[in-house]
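Participant: Just a sequence and a predicted model for now, questions to come.
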Amino acid sequence: MDLFRYSSGELFVEDLPVRAVAEAAQTPCYIYSRGTMEAHFDRLVEAFAPIQPLICFSVKSCSNIHILRALAARGAGMDVVSGGEIARAHAAGVAMAKCVYAGVGKTDEEICEAMHAGVGLFNCESEEEFENIARLASEAKQLVRVALRINPDVDPKTHRYTSTGKKETKFGVDLERARAFFARFGNDPWAKLEGLHLHLGSPIYTVDPYREALEKTCALVDLLARDGFSIRSIDLGGGFGADYESAQSPALTQYADAILPLAKPLHDKGVRFILEPGRTIIANAGILVLRVLYTKISGEKRFIICDAGMNALLRPALYGSFHFMWPVAPGTEQTPTRRALDPKVPDTVAQDVVGPLCETGDFLALDRLLPASIKRGDLLAIFTTGAYGMSMASQYNSHVMPTEVLVDGTHAELIRSRETYENLLAPERHSHQLAIHGVHA
Ligand code: LLP
């Protein structure tokens, strides 16, 4: 579900024409629909109501502080994975006690920042990391709460780059070692080991991996109880799907139907549940709007050259991901009725949609059926880009970053302004000599 729809031959975001928003904000531009993300958040709350989870929005999926603030206002906590994301959550006014801090490579500096900020829970990924957190907590004489990230060895059946719950990945501690982990660290006085964390991968379009992983988690909870360790929180991570094509993803209630029968008995015994969704809340709430700079024919192929490519949206180049795209004002004859590889619209031809960067890998779609009439100056909307769109954008080829706009009904707010070349150059403007001691020629 989302609030981007065609009416009278042009695309609207909530109650505003996308063309007007993109022209005011300048392209490349990400446009988010507040109503869409709030509706997805509310659906999650409803679907999982029987276990009343703390829903920690995964900041890495879309990190603009205005988006974070809007979700926090709805009751969300945040899943953060770096000092920078903690700073973003802080700037957005999110209660730090509602933040969970994950990541396989937390630096000492970041751990101290997180402790100082009062982050609610550290999701710890290895024995060495636990020892380090415990050392820093005891030095600071500050109690921290820790959950062990377990690796349940479940195949989420997603892209191998974003599959995290299999044994051979770098994430978490495998189930066999988890028991020994608690035996070794479960009574630490400063780092209170009291929870389990898992995240299987992203996106996951079937519910079975969740069921399988939770079954294994429940068995571990029982074993740990026998060893004298009671689990107070279970964080099930994120990974719920989004509609890259129309109606591609299971309803959130379907995920809940798989998870609740196992989770509810634990909830009733006092275990607190946490979810870390990103994509399912924000992917369909965002589009990227680009301007067509040129079209050309080379060999047999027609190219549409836009004012941004993998610098603004990396997913097609990195994962071969499909994103539906269509002109912002195609006219009534060519309005698509569904988002799919072939939207069944007359007068289309296969075309490559590419960016301005100097490499062949800079594409947004290859051989895509699009209106033959697309021409220089048209605006193109790329759908389902709210998650891992802007947050993975770069300044490669020294292009400035896209702008971002948050739309609420008829109200549009520029939440990230257009960068200037001065922004681009600022960290390089002033060089100074590093003081390095002990170097003898
Ligand atoms: N929790 C943890 C520990 C994670 O690593 C992730 C995502 C999430 C939660 C949120 O997952 P979500 O609900 O958004 O699926 N760049 C890739 C996705 C990488 C996901 C990384 N971890 C993409 O564009 O598909």
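Facilitator: That came through fine.
Participant: show me the contacts for the closest residue to Val354 other than its chain neighbours.
Facilitator: The shortest distance from Val354 to any non-neighbouring residue, by CB to CB, 6 or more residues apart in numbering, is to Phe363 (4.9 Å). For the C-beta atoms, the positions are set from N, CA and C on the backbone; glycine is no exception. When contacts are counted by CB atoms under 8 Å, 6 or more residues apart in numbering, Phe363 touches 309-310, 316-317, 352-355.
Participant: from what I can see Asp42 touches Ala76, true?
Facilitator: No: using CB atoms under 8 Å, Asp42 is not in contact with Ala76; the gap is 10.9 Å.
Participant: which of the two has more neighbours?
Facilitator: Ala76 (23 against 13; other CB atoms under 10 Å).
Participant: Look up how far Ala47 lies from the more buried one.
Facilitator: According to CB to CB, to the nearest Å, Ala76 and Ala47 sit 15 Å apart.
Participant: Over to Leu11?
Facilitator: For Leu11, the distance to Ala47 (CB to CB) stands at 29 Å.
Participant: Look at those two and report which has more neighbours.
Facilitator: Leu11 (27 against 20).
Participant: burial of the residue lying closest to the more buried one once chain neighbours are set aside, as a residue count?
Facilitator: Of all residues not flanking Leu11 in the chain, Val18 sits nearest, at 4.3 Å (CB to CB, 6+ apart). Val18 has 23 neighbours, counted by other CB under 10 Å.
Participant: these two touch, right, Val18 and Pro327?
Facilitator: No: Val18 lies out of contact with Pro327 (CB under 8 Å); the separation is 10.3 Å.
Participant: Now the common contact residues for those two.
Facilitator: With CB under 8 Å, 6+ apart, Val18 and Pro327 have common neighbours 379, 381.
Participant: on that earlier part again, the residue nearest to Val354 and Ala435: what is the separation?
Facilitator: 45 Å.
Participant: ok, is the helix or strand hosting Thr217 in contact with the ligand or not?
Facilitator: Using DSSP states H and E, Thr217 falls within helix 208-226. No: against the ligand, helix 208-226 shows no contacts by CB under 6 Å from any ligand atom, the least distance being 12.0 Å.
Participant: Buried ones in that helix, by neighbour count?
Facilitator: 209-214, 216-218, 220-221, 224 (16 or more other CB atoms under 10 Å).
Participant: Can you name the residues in contact with the helix or strand following it?
Facilitator: Sequence order places strand 233-235 as the next helix or strand after helix 208-226, per DSSP H and E. Residues outside strand 233-235 that contact it (CB under 8 Å, 6+ apart): 56, 100, 121, 123, 147, 194-198, 217, 221, 263, 266, 271-276.
Participant: give me that answer again for 10 Å
Facilitator: 51, 53-54, 56, 79, 100, 102, 120-121, 123, 145, 147, 149-150, 194-199, 214, 217-218, 221, 263, 266-267, 270-276 (CB atoms under 10 Å, 6 or more residues apart in numbering).
Participant: Please check the residues you listed and keep the buried ones.
Facilitator: So, by 16+ other CB under 10 Å, the buried ones in the contacts of strand 233-235 are 51, 53-54, 56, 79, 100, 102, 120-121, 123, 145, 147, 149-150, 194-199, 214, 217-218, 221, 263, 266-267, 271-276.
Participant: Quick check: residues of the stretch 1-150 of the chain near the ligand?
Facilitator: 58, 61, 79, 102.
Participant: Any chance you could list what contacts stretch 330-346?
Facilitator: By CB under 10 Å, 6+ apart, stretch 330-346 touches 2, 4-11, 243-248, 284, 322-327, 329, 347-348, 365, 367-374, 378, 381, 383-384.
Participant: Just the buried residues out of these, in ChimeraX syntax.
Facilitator: Buried subset of those, written as a ChimeraX selection, criterion 16+ other CB under 10 Å:
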select :2,4,6,10,11,243,244,245,284,322,323,324,325,326,327,329,348,365,368,369,370,371,374,378,381,383,384
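Participant: The contacts of stretch 330-346 in strands, which ones?
Facilitator: Cross-referencing these against strands under DSSP state E gives 4-7, 10-11, 325-327, 348, 365, 367-371, 381.
Participant: Among the contacts of strand 233-235, which lie within helices?
Facilitator: Counted as lying in helices by DSSP state H, out of the contacts of strand 233-235, are 214, 217-218, 221, 263, 266-267.
Participant: Dump these to a markdown table, plus distance to Phe182 and pLDDT.
Facilitator: Compiled in a markdown table, the ones in helices among the contacts of strand 233-235 are given as follows (distance: CB to CB, whole Å; pLDDT from 0 to 100):
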| residue | distance to Phe182 | pLDDT |
| --- | --- | --- |
| Leu214 | 19 | 96 |
| Thr217 | 13 | 96 |
| Cys218 | 16 | 96 |
| Val221 | 11 | 97 |
| Ala263 | 21 | 98 |
| Leu266 | 17 | 97 |
| His267 | 21 | 98 |
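Participant: what comes up buried for the helix or strand harbouring Ala180?
Facilitator: Following DSSP H and E, one finds Ala180 within helix 175-185. Buried residues in helix 175-185, counted by 16+ other CB under 10 Å: 175, 177-179, 181-182, 185.
Participant: Relative to the ligand, which of the residues you listed is nearest.
Facilitator: Nearest to the ligand out of the buried residues of helix 175-185 is Ala178 (CB to the nearest ligand atom; 16.5 Å).
Participant: what residues are up against that closest one?
Facilitator: Ala178 makes contacts with 148-152, 172, 196, 216-217, 220, 223-224, as judged by CB under 10 Å, 6+ apart.
Participant: Please determine how far Ile234 is located from the ligand.
Facilitator: When distance is defined by CB to the nearest ligand atom, to the nearest Å, Ile234 is 13 Å away from the ligand.
Participant: in the sheet, who's paired with that residue?
Facilitator: Leu196, Phe273 (DSSP bridges).
Participant: Tell me the predicted confidence for it.
Facilitator: Looking at Ile234, its pLDDT stands at 98.
Participant: now Ile436
Facilitator: So Ile436 comes in at 89 (pLDDT).
Participant: Report how many residues lie close to it.
Facilitator: Around Ile436 there are 6 residues (other CB under 10 Å).
Participant: Could I get the phi/psi values of it?
Facilitator: Main-chain dihedrals, Ile436, degrees, to the nearest 10: phi -120, psi 120.
Participant: Name the helix or strand of this structure that has the lowest mean pLDDT.
Facilitator: strand 173-174 (a mean of 88; mean pLDDT, DSSP states H and E).
Participant: Next, please give the residue ranges for the helices of this structure.
Facilitator: Ranges of helices within the chain are 18-25, 34-47, 65-73, 83-91, 108-117, 127-140, 175-185, 208-226, 252-268, 279-282, 315-319, 421-429, based on DSSP H.
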